[in-house]
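Student: I'll drop the sequence and a predicted model, then ask my questions.
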Amino acid sequence: MSSQPAPEADIRWRVCCAPAETTPLTAAESARLRRFVEQRSQAWGRRICEFLGLSGPYEVSVVVRPGSDMSVTRDRHVEVGATAETVSAALAHELVHALAGPSASPVFREGLAVFVDSRLRLAGDVWPFYDLTPHRWTQMFVEDATFEPLATLLARRRIEPTPEEGISLATRLYLEAGSLVGFLVDDNGLDAFWPMYRSATLPAGFDAEPLQRVWLRQLGGAVTADEWRRREAAAARLVDDGRHGFSPAGAGRPRSEDR
């Protein structure tokens, strides 16, 4: 991804395990969880830095919160919820935030994490979203008329769900943002992308509408029947696992009269 190979990143880690929010862990269980997260942080942090051309030095603290399903990163401090289903996916996502640093826009910030998640697949298939690329998800949103125009997306101050919007919209916005960042990195290279990321600016000479036209032409064309089936399977798997993502009503392909 980088124009020059990056040296191995200089990262110093501090990992600890907070008291469990639900069923208390034994001292041995807490130590095993801490070691698991520490090993993943070290290995995945190197992969992320290599992929993004980052070298540090960084000091990153990771607090593991057993039983919580909430994860957050502030500067280089990560708090990761550690449920059996989500700890790996949450950790991989939050480490991108910690290592990439701040952006002036939540769209660029979350989009970069989704882009790295989808390309490196560090957490494997914990989340079924990446059975399809963010580009293909975005093409689906275009075809089922749920795509959020780029100007509207960039104007958002946050892309986390609100009670009125619900998790389905937030998931779409994350995947759209990941597609946008992937397009910007692939089209401009990382060296040109980082100033855009820091200041939330678009490539020189582009406003949102013309850039959107160029971006959408890179998504790979019309969605296939197999891809619609894979979307439905991903939504069903999230519902079956009791995790959020797409509501059942938003899981299928557009009705034939809408396509």
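Tutor: That came through fine.

Student: What ranges does the protein have for its strands?
Tutor: For the chain, applying DSSP state E gives strands covering 11-17, 58-66, 72-74, 77-82.

Student: Let's have the ones you listed in JSON lines, adding distance to Val37 and mean pLDDT.
Tutor: All C-beta atoms are positioned from the backbone trio N, CA, C, and that covers glycine. Formatted as JSON lines, those follow (distance: least, CB to CB, whole Å; pLDDT from 0 to 100):
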{"stretch": "strand 11-17", "distance to Val37": "6", "mean pLDDT": "90"}
{"stretch": "strand 58-66", "distance to Val37": "5", "mean pLDDT": "90"}
{"stretch": "strand 72-74", "distance to Val37": "14", "mean pLDDT": "89"}
{"stretch": "strand 77-82", "distance to Val37": "7", "mean pLDDT": "86"}
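
Student: quick one: which of the ones you listed is nearest Phe141?
Tutor: Across these, Phe141 has its closest neighbour in strand 72-74 (26.2 Å, CB to CB).

Student: Now do the buried residues in that closest one.
Tutor: Thr73 (16 or more other CB atoms under 10 Å).

Student: right, so the strands of the chain: which one is the most enclosed?
Tutor: Greatest average neighbour count among these goes to strand 77-82 (a mean of 22), per mean count of other CB atoms under 10 Å.

Student: Could you check the angle that strand makes with strand 58-66?
Tutor: 30 degrees (axes from the mean of the first three to the mean of the last three CA atoms, to 10 degrees).

Student: sorry, back to before: out of the strands of the chain, which comes closest to Pro106?
Tutor: Using CB to CB, the nearest of the strands of the chain to Pro106 is strand 72-74, at 12.2 Å.

Student: ok, back up a step: mind giving me JSON lines with the strands of the chain and columns for distance to Glu29?
Tutor: Converted to JSON lines, those look like this (distance: least, CB to CB, whole Å):
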{"stretch": "strand 11-17", "distance to Glu29": "9"}
{"stretch": "strand 58-66", "distance to Glu29": "8"}
{"stretch": "strand 72-74", "distance to Glu29": "23"}
{"stretch": "strand 77-82", "distance to Glu29": "11"}
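
Student: Select, out of those, the one closest to Phe129.
Tutor: strand 77-82 (17.9 Å).

Student: That closest one - contacts with which helices or strands?
Tutor: Helices and strands touching strand 77-82, by 3 or more CB pairs under 8 Å, 6 or more residues apart in numbering; DSSP states H and E, are helix 27-52, strand 58-66, strand 72-74, helix 87-100.

Student: can you put those in TSV and add distance to Met196?
Tutor: Below are the helices and strands packed on strand 77-82 laid out as TSV (distance: least, CB to CB, whole Å):
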stretch	distance to Met196
helix 27-52	14
strand 58-66	21
strand 72-74	20
helix 87-100	12
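
Student: Please identify the most buried of those.
Tutor: helix 87-100 (a mean of 23).

Student: hang on, Trp137 packs against Asp131?
Tutor: No. Look at Trp137 against Asp131 with CB atoms under 8 Å: they stay out of range, at 10.0 Å.

Student: Can you pick out the residue with more neighbours from the two?
Tutor: Trp137 (27 against 15; other CB atoms under 10 Å).
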